[in-house]
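J.: With the sequence up front, the predicted model follows.
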Amino acid sequence: MAISIVILILVLATVIFHFLSPWWFTPLASNWSSIDGTIDITLWITGIVFVLVNLFLAFVVYKYRHKKGLKADYEPENKKLETWLTILTTIGVAAMLAPGLVVWSEFVHVPEDAKEFEVVGQQWSWNYRFPGEDGLLGKIDSAQISAENPFGISPNDPNGQDDVLINSNEVHLPIDQPVKVLQRSKDVLHNFAIPQFRVKMDLVPGLTSYFWFTPTKIGTFDVLCQELCGIAHYLMRGKVVVQTEDDFKEWLKNYPTFAESLQRPKGDVVAGQQYYQACVACHGSDGVGNEALNAPRLAGLSAWYTKRQLQYFKHKVRGTTAEDTFGAQMAAMSITLPDDKAINDVSAYIESLPDVIIKQSSSANIEKGKALYRNCSFCHGSNGQGNYALNAPRLAGQHNWYLKRQLLNFKNDIRGKHKNDLYGKQMVLMSRLLQSDEAIDQVIAYINQLQPVDNEQLKTASLE
């Protein structure tokens with residue numbers, strides 16, 4: 001009797017929780033209400049079966065409970081019961097599958113007026129590509145992927161010259177315009193998912209997958225990777241901003257075409273040396289840094305990373321929080337670089353500085369630091385050499401005190417919280433894996449004994 005009552009209570013509590021639960025679908029913001037419909041059908045069918053089966057279970061537990069002197073009958077087969085169960089199960093499964101097949105057919109049949117754009121996934125970020133005025137995306141070739149051509153667009157395809165490249169985790173789309181999403185991965189299996197739009201699809205290396213949807217609400221929506229793609233899978237997040245057609249066009253103008261990206265002049269080392277004179281007082285003429293002035297080592301850093309950080313300082317992405325006093329100093333100094341060309345030039349000069357080894361000591365446990373560094377190595381490399389493909393700078397050879405300060409800044413939300421600091425947000429989450437100052441000291445002690453890699457080796461390693 002008691003077991004039957006418990007079963008009835010569990011069934012009743014489950015049904016009440018289902019209808020009163022605050023956890024439900026995110027508000028629909030696309031045309032795919034039919035996907036919600038298929039899920040509702042599945043929930044109703046499985047819910048009814050759940051209630052009926054458990055009510056039957058409670059009934060038989062009560063009715064056929066143990067009674068002294070009664071013996072159970074042995075009935076190994078009941079063809080009539082088995083026939084009815086087979087028929088009812090088949091009807092239930094068909095009722096759940098048939099609507100999904102109909103919706104899937106719509107999901108992969110793209111409207112003729114849909115506009116194309118491409119999603120490119122890599123560990124652990126998203127990038128996007130839009131066709132230019134010709135309305136056609138250029139051909140891609142994985143063999144063409146490099147620091148200068150991260151999308152791998154074929155330079156000989158005229159259709160690709162006006163492709164607009166969005167090197168950001170945030171993409172904008174016009175409202176009420178059907179879009180066809182072409183997908184490809186540069187490394188492993190990913191899954192591009194926008195819960196508010198009810199859409200998701202795997203990105204399979206070597207293949208181009210696709211689906212379509214129509215945004216129906218203006219706003220900002222989450223992009224998630226719903227495939228376990230590596231150690232930092234949970235950091236692979238982005239945003240979709242839905243806006244008016246005019247606002248979308250204005251946003252798209254801010255990004256370069258493929259042809260423009262190829263025409264960007266390389267940094268002028270000679271001109272960069274002149275700009276670097278403003279840096280010498282703190283960072284030193286050889287770029288080895290100065291702890292007394294809280295200036296980190298610059299020598300050995302790749303130009304792409306130095307350029308990104310200088311742009312962050314100049315555009316108030318970094319160095320704006322009250323606690324980041326040294327970052328604020330750099331934000332002020334970045335004014336001496338008048339434009340992007342100056343940033344390119346000084347970054348090229350810093351990359352050309354000789355790689356001087358700094359001797360450092362630490363009493364922290366290196367073996368424990370080695371185990372902790374394993375999470376870092378997936379991006380920064382087993383030798384701390386950095387990796388352009390993963391947007392990870394070199395760590396080997398940097399001052400211990402600077403590495404510790406930056407890890408604490410990430411951990412304490414002093415750095416990496418700005419909406420445009422895409423990779424800083426990843427470091428905020430990763431830094432919290434180091435749960436104490438002792439753990440930070442240990443991982444830095446291990447980094448300290450890694451062999452520095454010169455810039456030429458670093459470029460090769462970054463593209464492997």
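T.: Now that the structure is in, tell me what you want to look at.

J.: can you pull out the helices in the stretch 301-450 of the chain?
T.: Along the stretch 301-450 of the chain, counting by DSSP state H, counting those that start in this stretch, helices occupy 303-314, 325-333, 340-352, 366-380, 400-411, 422-431, 437-448.

J.: contacting residues for W251?
T.: Contact analysis of W251 by CB atoms under 8 Å, 6 or more residues apart in numbering lists 172, 241, 243. Where you see a C-beta, it was placed from the backbone N, CA and C, and this is true even at glycine.

J.: let's see 6 Å
T.: Contact analysis of W251 by CB atoms under 6 Å, 6 or more residues apart in numbering lists H172.

J.: Can you give me the pLDDT of it?
T.: pLDDT for W251: 92.

J.: ok but it is inside a helix, no?
T.: Yes - W251 sits within a helix when classified using DSSP: H, G, I helix; E, B strand; the rest coil.

J.: What's the separation between it and T244?
T.: 10 Å (CB to CB, to the nearest Å).

J.: Equivalent analysis for G319, please.
T.: According to CB to CB, G319 stands 34 Å off from T244.

J.: Tell me which of the two has more neighbours.
T.: The residue with more neighbours, out of G319 and T244, is G319; 23 against 12, by other CB atoms under 10 Å.

J.: Once you drop chain neighbours, what's closest to L429?
T.: L235 (5.6 Å; CB to CB, 6 or more residues apart in numbering).

J.: Hmm, W124 and the one you found touching each other?
T.: Yes - at 5.1 Å, L235 counts as touching W124 under the criterion of CB atoms under 6 Å.

J.: Could you chop this structure up by domain?
T.: 2-64+79-108, 115-263, 266-355, 357-464 (automatic domain parsing).

J.: for the shortest one, the distance to its chain's centre please.
T.: The chain centroid and the centroid of domain 266-355 are separated by 27 Å, computed with CA atoms, centre = their mean, to the nearest Å.

J.: got the end-to-end distance for that domain?
T.: Counting by CA to CA, to the nearest Å, you get 21 Å between the two ends of domain 266-355.

J.: What of the first one?
T.: This stretch, domain 2-64+79-108, spans 52 Å end to end (CA to CA).

J.: Report back the residue of the chain that's furthest from centre.
T.: Relative to the centre of the chain, and counting by CA atoms, centre = their mean, the farthest-placed residue is G69 at 66.6 Å.

J.: Tell me if it really is in a strand.
T.: No - counting by three-state DSSP, G69 is not part of a strand but coil.

J.: quick one: it and G327, what's the gap?
T.: Plainly put, G69 is 85 Å away from G327 if you go by CB to CB.

J.: Can you say which helix or strand has Y210 in it?
T.: Using DSSP states H and E, the element containing Y210 is strand 209-213.

J.: If you could redo that for S105, that was the one I meant.
T.: In the assignment (DSSP H and E), S105 maps to helix 79-108.

J.: and that helix, average pLDDT?
T.: Computed over helix 79-108, the mean pLDDT rounds to 88.

J.: May I have the helix or strand just after that helix as PDB, with CA atoms only?
T.: Scanning forward in sequence from helix 79-108 by DSSP H and E, the next helix or strand is strand 115-122. Provided in PDB are the C-alpha atoms of strand 115-122 (Å, rounded to 0.1, in the frame of the first residue of the first chain):
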ATOM      1  CA  LYS A 115      20.600  35.400 -48.300                       C
ATOM      2  CA  GLU A 116      23.700  33.400 -47.700                       C
ATOM      3  CA  PHE A 117      26.400  33.800 -45.100                       C
ATOM      4  CA  GLU A 118      29.000  31.500 -43.800                       C
ATOM      5  CA  VAL A 119      29.900  30.400 -40.200                       C
ATOM      6  CA  VAL A 120      33.500  29.200 -39.600                       C
ATOM      7  CA  GLY A 121      34.100  27.400 -36.400                       C
ATOM      8  CA  GLN A 122      37.500  26.700 -34.800                       C
END
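
J.: For the stretch 101-250 of the chain, which segments count as strands?
T.: 115-122, 125-130, 164-166, 170-174, 179-185, 190-194, 199-203, 209-213, 219-225, 237-243 (DSSP state E, counting those that start in this stretch).

J.: now for the ones you listed, which one comes closest to R264?
T.: Smallest distance to R264 across the strands of the stretch 101-250 of the chain (CB to CB): 11.6 Å, for strand 164-166.

J.: what packs against that closest one?
T.: If you count contacts as 3 or more CB pairs under 6 Å, 6 or more residues apart in numbering; DSSP states H and E, strand 164-166 packs onto strand 125-130.

J.: which residues does the residue positioned nearest the centre of the chain contact?
T.: For the chain, M236 is the residue whose C-alpha lies nearest the centre (CA atoms, centre = their mean; 1.6 Å). Neighbouring residues of M236 by CB under 6 Å, 6+ apart: 124, 225.

J.: at 10 Å instead, please
T.: Residues in contact with M236 (CB atoms under 10 Å, 6 or more residues apart in numbering) are 121-126, 169, 190-192, 223-227, 229-230, 426.

J.: got it, and L235?
T.: 123-125, 225, 379, 423, 425-430.

J.: what does F213 give?
T.: Residues in contact with F213, defined by CB under 10 Å, 6+ apart, are 29-32, 35, 107, 110, 114, 173, 178-181, 194, 197-199.

J.: Mark which of those residues are buried, thanks.
T.: 29-32, 35, 107, 110, 173, 179, 181, 194, 197-199 (16 or more other CB atoms under 10 Å).

J.: Mind putting the residues you listed into a markdown table with distance to F56?
T.: As requested, these are exported to a markdown table (distance: CB to CB, whole Å):
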| residue | distance to F56 |
| --- | --- |
| A29 | 41 |
| S30 | 40 |
| N31 | 41 |
| W32 | 36 |
| I35 | 32 |
| F107 | 37 |
| V110 | 46 |
| L173 | 50 |
| V179 | 48 |
| V181 | 46 |
| I194 | 41 |
| F197 | 40 |
| R198 | 35 |
| V199 | 39 |
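
J.: could you point out where the stretch 1-150 of the chain is predicted with low confidence?
T.: Low-confidence regions of the stretch 1-150 of the chain, defined here as pLDDT under 70, do not occur.

J.: And the average pLDDT for stretch 294-313 is what?
T.: Mean predicted confidence for stretch 294-313 is 92.

J.: So for it, what gets flagged as buried?
T.: Buried residues in stretch 294-313, counted by 16+ other CB under 10 Å: 295-313.

J.: Any idea how far apart the tips of that stretch sit?
T.: Terminal residues of stretch 294-313 lie 16 Å apart, using CA to CA.
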